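[1] the sequence and its predicted three-dimensional model are supplied below.
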Amino acid sequence: MSSSSRTSNLVRAIPSIPEIFIVCLTKTPSNQPHLRLRLVTVPNSFPLVPSNSPTSSFSREGANQDPITKLIPLEWDQRHTMNVTAGYNTKKYGATLSIFYNSGSAYTFEPISENPLANVNLLPNNSYKPSNYTINLSSYYNLFKTGSRITFEIYNLFDTLNEYGVNSQTGRAYSAILNEADVASFRSNYTTIEDTYQDPSSYSAPRSLKIGLEWSY
């Protein structure tokens with residue numbers, strides 16, 4: 001198969017790319033604010049590949065699982081990404097608000113034994129994590145007489161708990177499905193059974209504030 005033919009087949013296997021809107025509100029030298037809308041197109045991270053490697057097929061055969069004969073999403077598959085930025089700037093002060101939205105990436109859902117789906121050989125990466133969004137704020141204030149500038153940066157302005165890591169049985173962070181046998185059989189002198197699934201790193205970083213001083217000469 002020629003290189004151009006392989007490239008054509010790859011393009012047909014990837015859906016259309018998403019669009020990211022970046023909105024910027026600035027102030028002109030004539031002190032008349034205006035709104036500027038800019039459309040930016042970026043590649044979609046939606047790679048679908050046939051999982052037909054000998055290692056994967058051998059492992060699934062040994063685990064009594066059906067072979068993968070169709071295209072499946074990869075772990076970093078993300079269908080939608082959108083960034084919106086609005087800024088208002090003057091010679092003395094300015095502020096910029098940035099909003100980031102991302103749809104959830106793929107993960108492998110593993111039902112509990114009581115679930116009827118437990119008797120089905122599910123394909124890997126068969127479900128998606130919750131979507132997430134982050135709003136950041138940055139601003140500055142110029143001190144003309146000293147030639148310096150005070151800056152303010154607030155990351156995750158509304159302290160949003162974005163779920164980046166999820167439990168394979170529940171599809172949510174900081175959660176698990178436990179039965180009485182699991183609780184009764186747990187033994188540890190250093191931790192509790194809740195600590196086995198309540199992982200703070202599954203969430204995004206909390207709100208943070210940074211104040212800086214810039215001086216130019």
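    Noted; the coordinates are in hand. All values reported here derive from a predicted model rather than from experimental measurement. Residues are numbered from 1 along each chain as shown.

[2] ok, longest strand in this protein?
    Scanning the chain for the longest strand, with DSSP state E as the assignment, gives strand 132-143.

[3] from the contact counts, what lies against the helix or strand just after that one?
    Per DSSP states H and E, the first helix or strand lying C-terminal to strand 132-143 is strand 148-155. Contacts defined by 3 or more Cβ pairs under 8 Å, 6 or more residues apart in numbering; DSSP states H and E place strand 148-155 against strand 132-143, strand 208-215. (Each C-beta comes from the backbone N, C-alpha and C, glycine too.)

[4] so what's the residue count around Y107?
    Applying other Cβ atoms under 10 Å, we find 20 residues neighbouring Y107.

[5] identify the residues contacting it.
    75, 125, 127-129, 166, 168, 171 (Cβ atoms under 8 Å, 6 or more residues apart in numbering).

[6] nearest to E153, of those residues?
    Nearest to E153 among these is K129, at 27.3 Å by Cβ to Cβ.

[7] please tell me how far the closest one sits from N102.
    The spacing between K129 and N102, counted by Cβ to Cβ, to the nearest Å, is 10 Å.

[8] can you tell me which of the helices and strands packed on strand 148-155 is nearest to S98?
    strand 132-143 (4.6 Å).

[9] assumed N83 was part of a strand.
    Yes - assessed by DSSP: H, G, I helix; E, B strand; the rest coil, N83 belongs to a strand.

[10] so it touches F100, yeah?
    Yes - assessed by Cβ atoms under 8 Å, N83 is found in contact with F100 at 5.4 Å.

[11] neighbours of G104, how many?
    Count around G104 with other Cβ under 10 Å applied: 20.
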